[in-house]
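Visitor: Sequence and predicted structure below; questions after.
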Amino acid sequence: MTFDQLHIVPSILKALKEKNYSEPTSIQQKAIPIVLNRQDVLASAQTGTGKTAAFALPIIQLIHKIESKSDGPAKLRSLIVTPTRELAIQIADNIDFYSKYTKVRHAVIFGGVKQHHQVQKLKKGVHILVATPGRLLDLINQGFISLDDIKIFVLDEADRMLDMGFIHDINKLLQILPQKRQSLFFSATMPDNIVRLSSKILTNPSKIEVSAVSSAADTVKQYLYYTNRLSKKDLLLHILRTENIDRVLLFSRTKHGADRIVRNLKKQKIKAAAIHGDKAQNQRQKVLKEFKQGQIHVLVATDIAARGIDIDKLKYVINYDIPNIAETYVHRIGRSGRAGENGIAISLCEPEENAYIKDIEKLIDQKIKRISDHPFPQTDKPMTAAEKKEWQKEKQRRKQEFFAHRKKKRMY
């Protein structure tokens, strides 16, 4: 199938050709006709399946057909809400490219930066607005945004939205949005709380599922190294050098841990940088740009900061810390092996994380390949008193994180 067969208009097809989009992905094939037919959508799709284009392309086309006949000021017709600044910027960049040969105008707004430039663009008039919840509600309350003319509402990365505690903001938006609208709901996973939220937003939706919920992409090869807590940094260096890895996205559980990993790598003359919530927005964008250009070889990220990172042909992902929430593992390794490309996911597991591996393998319904031939295997060597104290603090932090996650699920 081609995009032309999906009845995409020539002005958008021209942009897609420049971006070397040849065939639509599975979710694009399924979603685009439904959205063009003005139906609500409930979609479950792993990261890297092309879901941004699945909703952005038909939205641009629907608005383009209306606005091509109008010479009046632009009215806000579509609102796309997403959980993180990185993802909002990524979606806006794609919309910018897809709509370059149309009259469709768009803007992106997010917190962490001054609002002046965002407000100035809104005042000029836009058709599509990509936003994070906090800044969106703030500018609505200030009177800079009206949702009265919204025809299409998109909630993207809904599962991460709830994990980050945005349920109250979403409920506020639902009270403001016009009752008569088309709504599109996209989520990587579809647990009960997400289904309940979707029932508040959607009307007789068409359901789309392009892969099994919480499954790992077939294009990603997964490897597991058992080691000890204090050996992780040495094992990481061993893997980076023996595997000749030139670019890798590495996950740390905490912001402080990410910074510590970067310091260790820089001591070994490895170009590395961290991206997390304590970094300013301009810092995060600069680091991401340098990583994409190959100036940084190891990008160390926390889970929240990494959602929305879209890097073409990223082959390697490393879990320096094993996530204690199994679904998070699926999100992490989904950063590689995107859109049919091959990827490799490597996990470094210390003894206290062994139980997490069991949960992950149960969720993805497969055994991760063990790599035992390495110089830093897991041993029964007891921890020192200082190491035990540090580990107790870490266990308490993980426990709080786990129960906070469970509490959110019960709330929704």
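Guide: Ah, there it is. Numbers count the residues shown, from 1 in each chain.
Visitor: hey, C-alpha coordinates of stretch 74-94 in PDB?
Guide: Taking Å, rounded to 0.1, in the frame of the first residue of the first chain, the C-alpha atoms of stretch 74-94 are listed here in PDB:
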ATOM      1  CA  ALA A  74      -6.600  31.100  11.400                       C
ATOM      2  CA  LYS A  75      -8.900  29.500  14.000                       C
ATOM      3  CA  LEU A  76      -7.600  26.800  16.400                       C
ATOM      4  CA  ARG A  77      -9.200  23.600  15.000                       C
ATOM      5  CA  SER A  78      -7.100  20.800  16.500                       C
ATOM      6  CA  LEU A  79      -5.500  20.300  19.900                       C
ATOM      7  CA  ILE A  80      -2.800  17.700  20.500                       C
ATOM      8  CA  VAL A  81      -1.900  17.100  24.100                       C
ATOM      9  CA  THR A  82       1.200  15.100  25.100                       C
ATOM     10  CA  PRO A  83       3.100  14.600  28.400                       C
ATOM     11  CA  THR A  84       6.600  15.900  27.800                       C
ATOM     12  CA  ARG A  85       8.300  18.800  26.200                       C
ATOM     13  CA  GLU A  86      10.500  16.600  24.100                       C
ATOM     14  CA  LEU A  87       7.600  14.700  22.600                       C
ATOM     15  CA  ALA A  88       5.600  18.000  22.000                       C
ATOM     16  CA  ILE A  89       8.600  19.400  20.100                       C
ATOM     17  CA  GLN A  90       9.000  16.200  18.100                       C
ATOM     18  CA  ILE A  91       5.300  16.200  17.100                       C
ATOM     19  CA  ALA A  92       5.500  19.800  16.100                       C
ATOM     20  CA  ASP A  93       8.600  19.300  14.000                       C
ATOM     21  CA  ASN A  94       6.800  16.500  12.100                       C
END
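Visitor: per-residue confidence averaged over it?
Guide: Across stretch 74-94, pLDDT averages out at 91.
Visitor: and that stretch, which residues are buried?
Guide: Using 16 or more other Cβ atoms under 10 Å as the test for burial, stretch 74-94 gives 74-92, 94. Placement of C-beta: from N, CA and C, glycine included.
Visitor: chain center to that stretch: distance?
Guide: Relative to the chain's own centre, stretch 74-94 is displaced by 13 Å; criterion: Cα atoms, centre = their mean, to the nearest Å.
Visitor: just the strands in the chain please.
Guide: 41-44, 78-81, 106-109, 128-131, 152-155, 182-187, 206-209, 220-226, 248-251, 272-275, 298-301, 316-319, 343-349, 369-370 (DSSP state E).
Visitor: In helices only, show me the buried residues of stretch 74-94.
Guide: Per DSSP state H, helices hold the following members of these: 85-92, 94.
Visitor: Run through the residues that contact residue 362.
Guide: residue 326 (Cβ atoms under 8 Å, 6 or more residues apart in numbering).
Visitor: Quickly note the distance from it to residue 87.
Guide: 28 Å (Cβ to Cβ, to the nearest Å).
Visitor: Now do residue 243: how many residues are near it, please.
Guide: 13 (other Cβ atoms under 10 Å).
Visitor: residue contacts, it?
Guide: Counted by Cβ under 8 Å, 6+ apart, residue 243 has contacts residue 316.
Visitor: What distance do you get for the closest residue to residue 38 other than its chain neighbours to residue 210?
Guide: Of all residues not flanking residue 38 in the chain, residue 182 sits nearest, at 5.4 Å (Cβ to Cβ, 6 or more residues apart in numbering). Counting by Cβ to Cβ, the gap from residue 182 to residue 210 is 20 Å.
Visitor: quick one: pLDDT of residue 353?
Guide: 91.
Visitor: That one: how many residues sit nearby?
Guide: 20.
Visitor: likewise the one 10 residues further on?
Guide: A total of 18 residues lie near residue 363 under the criterion other Cβ under 10 Å.
Visitor: these two touch, right, it and residue 326?
Guide: Yes - using Cβ atoms under 8 Å as the test, residue 363 is close enough to residue 326 to be in contact (4.1 Å).
Visitor: Would you map the helices across the stretch 51-200 of the chain?
Guide: Ranges of helices in the stretch 51-200 of the chain, per DSSP state H, counting those that start in this stretch, are 51-67, 85-98, 116-124, 133-141, 158-163, 167-176, 192-201.
Visitor: quick one: the third one to chain centroid distance?
Guide: It refers to helix 116-124. Worked out by Cα atoms, centre = their mean, helix 116-124 lies 26 Å from the chain centre.
Visitor: Let me know the angle separating that helix from helix 133-141.
Guide: If you take axes from the mean of the first three to the mean of the last three Cα atoms, to 10 degrees, helix 116-124 sits at 50 degrees to helix 133-141.
Visitor: now do the second one
Guide: Helix 85-98 runs at 70 degrees relative to helix 133-141, counting by the same axes, to 10 degrees.
Visitor: who's in contact with stretch 14-21?
Guide: So stretch 14-21 is contacted by 3, 8, 53, 57, 97-101 (Cβ under 8 Å, 6+ apart).
Visitor: how does it look with 10 Å?
Guide: 2-4, 8, 13, 22, 24, 28, 50, 53, 57, 60, 94, 96-102, 339 (Cβ atoms under 10 Å, 6 or more residues apart in numbering).
Visitor: Tell me the buried residues within these.
Guide: If we count by 16+ other Cβ under 10 Å, these have these buried: 3, 8, 13, 24, 28, 50, 53, 57, 60, 94, 98-99, 102.
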